[in-house]
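A.B. asks: I'll drop the sequence and a predicted model, then ask my questions.
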Protein chains: 2
Amino acid sequence: MERRVSALPRTLAAEVRPQQGEIRLAGSVHTVRTLGGVAFLILRDRSGTIQVVAPGALDLPREAIVEITGTARGDPRAPGGVEVAATGITVLSQPAGPLPLDVSKPVLHAALETALDHRALSLRHPRSAAIFRIASALTGGFRRALAAEGFTEIHTSKLVGSATEGGAGLFRVEYPDRPAYLAQSPQLYKQICVGAFERVFEIGPVFRNEPHETTRHLNEYTSLDVEAAYLDLDALLDLETRVLGAMLKEVAGTATSALNQLGVKAPAIGRIARLRLEEARARLASRGKRYAPEDDLDPAGERLLGEVLAEEGHEFVFVTHYPAAARPFYAAPDPDDRALTLSFDLLFRGIEVTTGGMRIHDLALLQENMQRFGLDPAAFTGYLEAFACAMPPHGGFAIGLERLTAQLVGAPNLRWATLFPRDRRRLDP
Amino acid sequence: MERRVSALPRTLAAEVRPQQGEIRLAGSVHTVRTLGGVAFLILRDRSGTIQVVAPGALDLPREAIVEITGTARGDPRAPGGVEVAATGITVLSQPAGPLPLDVSKPVLHAALETALDHRALSLRHPRSAAIFRIASALTGGFRRALAAEGFTEIHTSKLVGSATEGGAGLFRVEYPDRPAYLAQSPQLYKQICVGAFERVFEIGPVFRNEPHETTRHLNEYTSLDVEAAYLDLDALLDLETRVLGAMLKEVAGTATSALNQLGVKAPAIGRIARLRLEEARARLASRGKRYAPEDDLDPAGERLLGEVLAEEGHEFVFVTHYPAAARPFYAAPDPDDRALTLSFDLLFRGIEVTTGGMRIHDLALLQENMQRFGLDPAAFTGYLEAFACAMPPHGGFAIGLERLTAQLVGAPNLRWATLFPRDRRRLDP
């Protein structure tokens, strides 16, 4: 290729318009076929695809990386009504052999396990990539909303010195001279930070040594954590409503082509329905599903509740006031009924995507509760010191990014919405 | 306190203006003293501090959490020229006993180890908190700049199945039925993702089992990772220049009070000086410091180079073209001299804050290089598949958030710029 031509700025597939003059494209060969002595190449880049035509046959395998110069012209037969007549094609890189998957079909015809085994390739399928562009917009909206409300982004340690949140489900790490563990959540750290910054958020990995394999659990996932002082449960639910609204708005505004690719919409968030757990149970009982008063909802109950609410036009619902026995030691009791907590789950289309609530901020009450939960205060020295130095009333929540994304795009297993899922069987790639 | 009053919206300390009428504040008691029968309380919240005056003595310990109603008035004797005459003070929470540190003095008089032992309290010192508000603005600017250039935010697994980047320095995790490790960087994953998204970034923890304790190494830190396709080394340095410029602009624009608190400025970024390593060595040799041609710069050399460049008005410098022996197996060789790589470090005031470079995108060359480095390709199956399916030319870099923050605020040890540092001795809090 001539230097004059390659010095052109790169045009993205989605930016190609008729009569632009000479342009330069770069991307992957999505498909190529020859018809009546003319080669039709679909070029794929991060913005989408564009048809390129060249005289004669093109001996190019799918996924080859090419740089193309040419001129854009309108053609009603071309996808999108525009195509590029190539004047030069330079191959930058070629696949080494046959591809393990075909990512050129409108839908990826591969079982989940096969798609994950060949993640480097399956991620290139436009519908796979779209899922993660949506996840990226979700985190973008999350940050933008919280930064606008004066939140400080924090990064707390994932290596922790004690099995503070209960030994089961923890991963142990070989650390010099002592055991260490991987944090199951940044909960205790974000509370400590509320004492210094009032409003904090963190986006980071959390680790759970899950004994079972389900479609909605993984050993590692991305948690969007929020914690804030000087609010009550209602204000906390208002905060999550605003944040979630901003996240979905960011998806609708910046990941439009990804949504179209998947044929899904980002729901607009108005006021999210709020149901006390006892009301939710009453609704479920009227549908024949009964729970004991101390029980949490099980996945089947959450699904059924999702169906009930969907009939009333609600895709999201806050379920509040869970029993103390079903929540962690730091959950604030409801002053009106101390068997309950000022806690909530957020269900989205019948699956829990957030858990949160008000926290205990009084040291004596916290210590009493730890005793009730059989926890050793000695393992919590750094955490308890925050309360010994006085803490403001506070609460917070955590959104599971992969779960939220999977629900939004309608994926049947959250592994489709996880770049490199980790479970008991899978550590590679 | 009366309900009418507490229903007032909360005013932040920094927002108090004379003649606002009745306002409500909430925050921590920073200091309190009585003078001539009048109590002077300095209230601290996330925005700063404000003087509150009340008749009589106030029996309130420092760090107590209070809600205050009152009226604001101008007073030239008050810090900032404005104070609040309290009409009501409600105590929401009290410290349980004597505080282990005094966070009310202009400078925290505590050794690093003491400050870290009592992190819940030391973080509340306005100068400590300011460091992390600056870090938060840095990550905010990082994301904003990259999102504007079409980058997708990714979250790659920290649990990995093989000791791919060399066994030394890796943490081993007890995983069901097999060993697992903590990722030393998202390098291989972000490259795989470039094959699908072209432009990616990740903000997340990385883990290094450091054998030594230094002022600039930790066992866990926050890495700001970038990887992009279809660029060359010059364009990559341009990209980091733009990103860094946006980060420092975000600090200057949104963390102004934190900068003032610490008495530092966020430098404006114009063009960053670029020096080939051999030129850097020549500069150092002229100052009496000599290196063998295959050697990397040592910390003393980086510091001296920082001094030399500072004399010429440069706080930042890109040092490029490191020898292949000093860089990882995936570093792209310089086509003009294959003993060198198209790699770089970014030094900021004499300390490396970024490492990056162009990567090998050709499968055969990559395999050849792995052999040269004594690496087993079988441990890299998922990574190599990306190249077997053809990869575009690409490069990237990683910024150490805590190091950059520490350099920016002039902290002598990056632990001051780390919320909960982890090293061989410290896993708590």
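C.D. replies: Cool, got the structure.
A.B. asks: Look up phi and psi at the residue of the stretch 251-400 of chain A found nearest chain B.
C.D. replies: Proximity of the stretch 251-400 of chain A to chain B (C-beta to the nearest C-beta) peaks at A:Gly382, 2.0 Å away. All C-beta spots, glycine's among them, are computed from the backbone N, C-alpha and C. The phi/psi pair for A:Gly382 (degrees, to the nearest 10) reads phi -70, psi -30.
A.B. asks: Excluding chain neighbours, what is closest to A:Ser93?
C.D. replies: Nearest residue to A:Ser93 in three dimensions, chain neighbours excluded: A:Ile65, at 4.0 Å (C-beta to C-beta, 6 or more residues apart in numbering or on different chains).
A.B. asks: what's the answer for A:Ala300, then?
C.D. replies: Nearest to A:Ala300 is A:Lys289, by C-beta to C-beta, 6+ apart, at 7.4 Å.
A.B. asks: which stretches of the stretch 151-300 of chain A form strands?
C.D. replies: For the stretch 151-300 of chain A, the strands defined by DSSP state E, counting those that start in this stretch occupy A:152-153, A:159-160, A:172-175, A:178-182, A:199-207, A:220-229, A:273-276.
A.B. asks: near chain B, which residues of the stretch 301-429 of chain A show up?
C.D. replies: Contact residues (C-beta under 8 Å from any C-beta of the partner chain) of the stretch 301-429 of chain A with chain B: A:361-364, A:381-383, A:385-393, A:401, A:419-422, A:424, A:427-429.
A.B. asks: how does it look with 10 Å?
C.D. replies: Contact residues, the stretch 301-429 of chain A versus chain B (C-beta under 10 Å from any C-beta of the partner chain): A:361-364, A:367, A:379-393, A:401-402, A:418-429.
A.B. asks: Any quick PyMOL command for the buried ones out of those?
C.D. replies: Remark: buried members of those, expressed as a PyMOL selection using 16 or more other C-beta atoms under 10 Å in any protein chain shown:
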select buried, chain A and resi 361+362+363+367+379+380+382+383+384+385+386+387+388+389+390+391+392+393+401+402+418+419+420+421+422+423+426+427+428+429
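A.B. asks: what bridges to A:Val32?
C.D. replies: Counting by DSSP bridges, A:Val32 forms beta bridges with A:Leu41.
A.B. asks: For it, list the residues it contacts.
C.D. replies: Neighbour list for A:Val32: A:39-43, A:52, A:54, A:57-62, A:64, A:66, A:104 [criterion: C-beta atoms under 10 Å, 6 or more residues apart in numbering or on different chains].
A.B. asks: Mind checking which of those residues are buried?
C.D. replies: Among those, the ones that count as buried by 16+ other C-beta under 10 Å are A:39-43, A:52, A:54, A:58, A:60-62, A:64, A:66, A:104.
A.B. asks: which regions of the stretch 201-350 of chain A sit below the pLDDT cut-off?
C.D. replies: Within the stretch 201-350 of chain A, the set of residues satisfying pLDDT under 70 is empty.
A.B. asks: what's the spacing between the closest residue to chain B within it and A:Arg119?
C.D. replies: Across the stretch 201-350 of chain A, the shortest distance to chain B (C-beta to the nearest C-beta) belongs to A:Thr222, at 4.4 Å. Between A:Thr222 and A:Arg119 the distance is 16 Å, computed by C-beta to C-beta, to the nearest Å.
A.B. asks: Chain A - how does it break down into domains?
C.D. replies: Chain A is divided into the following domains under automatic domain parsing: A:13-93, A:120-417.
A.B. asks: taking the mean pLDDT, what do you get for the first one?
C.D. replies: Per-region confidence: domain A:13-93 scores 96 on mean pLDDT.
A.B. asks: First-to-last residue distance for it?
C.D. replies: 19 Å (C-alpha to C-alpha, to the nearest Å).
A.B. asks: just the longest one next, same as before
C.D. replies: Across its full length, domain A:120-417 reaches 14 Å end to end, with C-alpha to C-alpha as the criterion.
A.B. asks: how about the residue nearest to A:Arg338 when sequence neighbours are not counted, what does it touch?
C.D. replies: Excluding the flanking residues, the one nearest A:Arg338 by C-beta to C-beta, 6+ apart is A:Ala324, at 7.4 Å. Residues near A:Ala324 by C-beta under 10 Å, 6+ apart: A:294, A:331-334, A:337-341, A:343, A:369, A:372-373.
A.B. asks: try 8 Å this time
C.D. replies: When contacts are counted by C-beta atoms under 8 Å, 6 or more residues apart in numbering or on different chains, A:Ala324 touches A:331, A:333, A:338-341.
A.B. asks: And it, how far from A:Gly81?
C.D. replies: As judged by C-beta to C-beta, A:Ala324 and A:Gly81 stand 62 Å apart.
A.B. asks: can you pull the contacts of A:Tyr298?
C.D. replies: Let me fix one detail, which is that residue A:298 is Asp and not Tyr. Listed by C-beta under 8 Å, 6+ apart, the contact set of A:Asp298 is empty.
A.B. asks: how much space is there between it and A:Gly356?
C.D. replies: From A:Asp298 across to A:Gly356, the span is 20 Å (C-beta to C-beta).
A.B. asks: How about A:Pro421?
C.D. replies: Distance, A:Pro421 to A:Gly356, using C-beta to C-beta: 25 Å.
A.B. asks: Repeat that for A:Ala148.
C.D. replies: Going from A:Ala148 to A:Gly356 by C-beta to C-beta gives 20 Å.
A.B. asks: Of these two, which one has the most company?
C.D. replies: A:Gly356 (26 against 10; other C-beta atoms under 10 Å in any protein chain shown).
A.B. asks: in which helix or strand would I find the closest residue to the more buried one other than its chain neighbours?
C.D. replies: Sequence neighbours aside, A:Phe397 is the residue nearest to A:Gly356 in space, at 2.6 Å (criterion: C-beta to C-beta, 6+ apart). Secondary structure from DSSP states H and E places A:Phe397 in strand A:394-400.
A.B. asks: Could I get the buried residue list for stretch A:230-240?
C.D. replies: Neighbour-count burial for stretch A:230-240 flags A:230-231, A:233, A:236-237, A:239-240 (criterion: 16+ other C-beta under 10 Å).
A.B. asks: Near chain B, list only the ones from these.
C.D. replies: With the criterion set as C-beta under 8 Å from any C-beta, the members of the buried residues of stretch A:230-240 near chain B are A:Tyr230.
A.B. asks: Okay, and which of the buried residues of stretch A:230-240 map to helices?
C.D. replies: Residues of those located in helices (DSSP state H): A:233, A:236-237, A:239-240.
A.B. asks: Now render the residues you listed as a markdown table, adding distance to A:Phe316.
C.D. replies: Formatted as a markdown table, these follow (distance: C-beta to C-beta, whole Å):
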| residue | distance to A:Phe316 |
| --- | --- |
| A:Leu233 | 17 |
| A:Leu236 | 15 |
| A:Leu237 | 11 |
| A:Leu239 | 14 |
| A:Glu240 | 10 |
